[in-house]
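# make a model of this:
(chains A, B, C and D)
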2 protein chains.
Amino acid sequence: MSSPAAPGDASKGEASHGDARRRPPGMTDVARLAGVSQKTVSRVVNNERYVSEALREKVLRAAAELGFRPNTAARALITGRFQRIGVVSLGSALFGPASMLVALERATRAAGLSFMVANTPEGQPEAIQESIDWLLAQGVDGIILSEPKDEGQRLRPDAGVPIVSLGQAGDLPDERVALARGRTAASCREAVDHLLDLGHERVWHAAGPQDWWEGRERLEGWAEAHRARGIEPPPPLAGDWTPASGYAAGLALPPEATAVFCANDDTAIGLARALSEAGRRVPEDVSLVGFDDIPAAAYLSPPLTTVQQDFAGDAAHALNVLLRLLPGAEAPEQEAAPPRRRLVVRASTAPPPIRQ
Amino acid sequence: MSSPAAPGDASKGEASHGDARRRPPGMTDVARLAGVSQKTVSRVVNNERYVSEALREKVLRAAAELGFRPNTAARALITGRFQRIGVVSLGSALFGPASMLVALERATRAAGLSFMVANTPEGQPEAIQESIDWLLAQGVDGIILSEPKDEGQRLRPDAGVPIVSLGQAGDLPDERVALARGRTAASCREAVDHLLDLGHERVWHAAGPQDWWEGRERLEGWAEAHRARGIEPPPPLAGDWTPASGYAAGLALPPEATAVFCANDDTAIGLARALSEAGRRVPEDVSLVGFDDIPAAAYLSPPLTTVQQDFAGDAAHALNVLLRLLPGAEAPEQEAAPPRRRLVVRASTAPPPIRQ
DNA sequence: ATAGGGCTCCAAAACGTTTCTGACTACGTA
DNA sequence: TACGTAGTCAGAAACGTTTTGGAGCCCTAT
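Presented below is the predicted three-dimensional model:
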C-alpha cells in the first residue's frame, strides 16, 4: 500500500499540464506568463491607473494568448455585486411587452450590465413575487418590473435590492421601490382629441383590461380628453387587448357611434372586422384609432391611425431610475429625454358622416 | 452627543450589528445560529444525505429566520458551472422571434436553469459573435442560437461551451455546436398542398428574405410541394417579412395568379392590402395563406388561413439537445415529442375562380 | 541634502461556497 | 470480542477575483 516515494509527487509536478480537467485560465496564469504579479493583471483588466504602458501591453498579450476571460463569479463574490439586473416581464409575444423587453435589453447592455429575464405566466397573482424571488436567487443588483398589470403592488418589501416598476404609482411597499411612470394617458388624450377635432361629438372606447394599469391609464386618457371639453364620455366597452374582444366590442357598438378609440391595434383589428361584417365602413361611417403602431397597422384596410410608442425612451428612463438607486451609482446624471409618443394619422380616421 | 464613551469604540464593539455595510447572511451565519458546522448547512441546503432530520429542521429554521439565500457567485466559483444558459436572439418584436424567446425562457426556467438574453441588432454581420462573446463574458454553461438568420455559421469555434442552433444545418464549425433543426419545410408543404388540393394550378410565393434560413426553408417547402406533383413553381416574389414587402409583392402579382403562400402573416396582410386596392377579392379571386398565426390572423378581413407554429415544442427540443451536451448532463433521456405545427384553415382560401 | 509625494508594482487577506479528508458513532456480523 | 460499514458530522483547503497594506523608485520643493 505505502510506497516509500509518494505516488502523488509525480502527478503533482505536472499538474499544470493536466489532462481531462482543463480549467479555464485565470489571472494567475496570465500573470505567470507575463512575468508580473496577479494583482497587476487585475489592474490591467480593470483599466486601473498606475500600470506602465509596457507592462499593460505585455499583460494584454499574455491574456490574449491564453484566451483569458475574467471570471464573473469570483468578481461578484468579492464585490457583492453582480453587474446584472433582472427584469420581470409578462411572458407574452404581444407587441407591447415584447418591444419593451427588447428595448430594456438594449439599454441594459449599453450600460454594460447583463440582463436576466423572468417571465410571468398570465393569470397567476403570485407569479410576480415568484419571479422576483427567482431573480434574487440567481443574483441581481436590481429589478425592473415590466408588468403592465397591477399585481406588482402586492410585493413583499424585503427584496434587498432596488425595484423599479414601469407602472402606475399605487402603494408600492418600500422606499427601495421606485417608479418610472409612463405617459400613456397624455398620448391617449392626443388620439382622442384628433377624433374630436375632426368633428365627432363623442368617441367610444374599446378598452383594455381594467386590472392592468396600462389599460386603466389608456381609459383615463380617453375620458380626460372628453371632460376637458365638458363632454360626458360614453360608457367604455370592455376588452382584453385581443382581437376577439375588439370584435365583441364592435358587435356591441351602438349605431350612433361615429368614432372609436381602441386600447391597442389588435383590438382595432377585431373591431374593424365586426364593423365590416355589419356593413359599416371605416372611416366613412366609423373612424378608428388604435394604439401601438404594430408593423401591420399601415397595411390594414384601411391603414390604421394609431399611437406610436417610445419603448426605447421608456426603457432608458426606467434603467436610469434604477441605476440611480444602485449603491455604486454610476447614474448618468442627465435626465433622459422625456419619452415621446406620437400619433400617426392614417386613413382610418375621417370626419363623421353627415346626419340627415 | 450623549454617550460619554468614545463613539468609535462603541461602533466597533457592535460591529456585527453594522450600520451601512450589511452583508447578506451566509452559511456561516446560519451555522452559528443553528449551532452546527457550516458544512452541515451546505448539506441541508443542497439536500444531501447524511443529515439527521432534527438537525435539518433546525438549520432550515435558522436559515429562514436570517433570510438566508445561497450565494450563486460563490457556488459558481467553486463548481465552475453557472447553472445558466444564454440565448442569442434577434432583437425584434416580430411575432416569431418574440414567441420563441418566451418559450425558451419558460423551458429554461422549468429546467431549473437561469436565462440570459443577448439581442443582436439587425444588419450587423458580426453581431452574433459579439453577442456570444458577451454571454461568455457574463458566464453561461451553454448557448442557444435563436437566430433565424445565417450569419451564425461564421462562428469562431473556441467558445468553450456547447452551442445549439435552432437553425438549419450548414457548416457549423465545431463538434460542440449541435443543431436543433426545425421542421418548417414540412408545414409549408402542407399549406401549399391545401391550396393545390383546392384546385389551384400553381401557388405563388411571397417569400421571406433568402439570407435567413427560415426564409429559405419556407421557400423550399413551397417549391417541394409543387415538384412533388410534377408542377414547376412560379418564380417567387422577394420579401423581407414586412407588410411593406407583402404590399410590393401584391403589386407585382401577375393577373393569372389565383393563390399565394406568404412567408408570414405580416406579408399576407400587406399583400391583401395591395389586392384590395387593385380590386381583387380574397378569397374569391385570390386565395391567401400566411404563416405564424398571429393573434390578429383570425380577425382580418377575411380571416387568414395560416400555419400555427409550435414554439414551446421547438424550445423544449433545443434545450434538450443542449442539456445533453452539458457536462453534468441531467439530460432528460426521453426525446421530446416532435414539434407539431398545424395548418389553420380560415376564410382566406377557396377554390380558384372559374376560368371563362 | 532630504522630506514628501506621485507612480509602479507586489504579497497576502478576504469573499461564501463546494470538495476533500477524516473522526466519531451505532450496528450487524464473523 | 473484533471488525467492517453505513450514517452523521466537522475542519480545512480550494475556487479566481478584489481589497488592503505596503514597498521601492524617481522627481520636485524646501
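# spatially nearest residue to the residue of the stretch 251-356 of chain A found nearest DNA strand C (excluding sequence neighbours)?
Residue nearest to DNA strand C within the stretch 251-356 of chain A (CB to the nearest atom of the strand): A:Pro327, separated by 14.8 Å. Quick note: C-beta positions are derived from backbone N, CA and C, even for glycine. Spatial nearest neighbour of A:Pro327, excluding adjacent residues (CB to CB, 6 or more residues apart in numbering or on different chains): A:Arg81 at 7.6 Å.
# quick check, stretch A:282-298 touching chain B?
Yes - interface with chain B: stretch A:282-298 contributes A:295-296, A:298 (CB under 8 Å from any CB of the partner chain).
# check A:Ser11 and give its pLDDT.
Predicted confidence (pLDDT) for A:Ser11: 35.
# name the element A:Ile85 belongs to?
Using DSSP states H and E, A:Ile85 sits within strand A:84-90.
# distance between that strand and the chain's centre?
8 Å (CA atoms, centre = their mean, to the nearest Å).
# hmm, it touching DNA strand D?
No - using CB under 7 Å from any atom of the strand, we find that strand A:84-90 stays clear of DNA strand D, coming within 14.7 Å at best.
# which SSE is immediately downstream of that strand?
Sequence order places helix A:95-110 as the next helix or strand after strand A:84-90, per DSSP H and E.
# rewinding a little: sheet-wise, list the partners of the strand holding A:Ile85 with their directions.
Strand pairing for strand A:84-90, using DSSP bridges, gives strand A:114-120 (parallel), strand A:142-146 (parallel).
# for it, give me every contacting residue.
Contacting residues not belonging to strand A:84-90 are listed as A:97, A:100-101, A:104, A:108, A:113-120, A:122, A:128, A:131-132, A:135-136, A:138-149, A:152, A:319, A:322, B:138 [CB atoms under 8 Å, 6 or more residues apart in numbering or on different chains].
# select only the buried ones of these in ChimeraX?
Applying 16 or more other CB atoms under 10 Å in any protein chain shown to those leaves a buried subset, and the ChimeraX line that selects it is:
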select /A:97,100,101,104,108,113,114,115,116,117,118,119,120,128,131,132,135,136,138,139,140,141,142,143,144,145,146,147,148,149,152,319,322 /B:138
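# distance check, the residue in the stretch 151-300 of chain A positioned nearest to DNA strand C against A:Gly139.
Closest to DNA strand C within the stretch 151-300 of chain A is A:Gly160: 13.0 Å, counting by CB to the nearest atom of the strand. Distance, A:Gly160 to A:Gly139, by CB to CB, to the nearest Å: 11 Å.
# picking that back up, turn the residues of stretch A:282-298 next to chain B into a markdown table, columns for neighbour count and distance to DNA strand D.
Output for the residues of stretch A:282-298 next to chain B, formatted as a markdown table (neighbours: other CB atoms under 10 Å in any protein chain shown; distance: CB to the nearest atom of the strand, whole Å):
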| residue | neighbour count | distance to DNA strand D |
| --- | --- | --- |
| A:Pro295 | 19 | 43 |
| A:Ala296 | 27 | 47 |
| A:Ala298 | 20 | 49 |
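# can I get those residues in TSV including secondary structure, pLDDT and distance to A:Thr184?
Formatted as TSV, these follow (DSSP: H, G, I helix; E, B strand; the rest coil; pLDDT from 0 to 100; distance: CB to CB, whole Å):
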residue	secondary structure	pLDDT	distance to A:Thr184
A:Pro295	helix	90	20
A:Ala296	helix	91	21
A:Ala298	helix	94	22
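# which stretches in chain A count as helices?
Taking DSSP state H as the criterion, chain A contains helices spanning A:8-13, A:27-34, A:38-45, A:53-66, A:72-79, A:95-110, A:127-138, A:184-197, A:213-227, A:243-252, A:265-277, A:311-325.
# how far away from the center of its chain is the third one?
Right, helix A:38-45. How far helix A:38-45 lies from its chain's middle: 36 Å, per CA atoms, centre = their mean.
# about what we covered before: least reliable of the helices of chain A by average pLDDT, please.
Note on the helices of chain A: helix A:8-13 shows the lowest mean pLDDT, a mean of 34.
# re the thing from before, may I have the strand holding A:Ile85 as CSV, with CA atoms only?
What follows is strand A:84-90, C-alpha atoms only, in CSV (Å, rounded to 0.1, in the frame of the first residue of the first chain):
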residue,chain,number,x,y,z
ARG,A,84,-26.7,42.3,-13.6
ILE,A,85,-30.2,43.5,-13.5
GLY,A,86,-33.3,41.3,-13.6
VAL,A,87,-36.5,42.1,-15.5
VAL,A,88,-39.9,40.6,-14.6
SER,A,89,-41.9,40.6,-17.8
LEU,A,90,-45.2,39.4,-18.8
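# number of residues surrounding the closest residue to chain B within the stretch 251-356 of chain A?
Nearest residue of the stretch 251-356 of chain A to chain B, counting by CB to the nearest CB: A:Tyr299, 3.7 Å away. For A:Tyr299, the number of neighbouring residues by other CB atoms under 10 Å in any protein chain shown comes to 26.
# in contact with the nearest residue to it once chain neighbours are set aside, which residues?
Distance criterion CB to CB, 6+ apart; nearest residue to A:Tyr299, sequence neighbours excluded, is B:Pro243 at 3.7 Å. B:Pro243 sits next to A:295-296, A:298-299, B:266-267, B:269-270, B:273 when contact means CB under 8 Å, 6+ apart.
# so which residues on chain A come close to DNA strand D?
Selection of chain A residues close to DNA strand D by CB under 7 Å from any atom of the strand yields A:23-24, A:26-28, A:38-39, A:42, A:45-46, A:68-71, A:74-75, A:77-79.
# now, of those residues, which are buried?
Buried by 16+ other CB under 10 Å: A:26-27, A:42, A:45, A:68-71, A:74-75, A:77, out of the residues of chain A next to DNA strand D.
# now these in a markdown table, with distance to B:Ala315?
Output for those, formatted as a markdown table (distance: CB to CB, whole Å):
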| residue | distance to B:Ala315 |
| --- | --- |
| A:Gly26 | 34 |
| A:Met27 | 37 |
| A:Ser42 | 39 |
| A:Val45 | 36 |
| A:Phe68 | 33 |
| A:Arg69 | 28 |
| A:Pro70 | 31 |
| A:Asn71 | 29 |
| A:Ala74 | 32 |
| A:Arg75 | 31 |
| A:Leu77 | 32 |
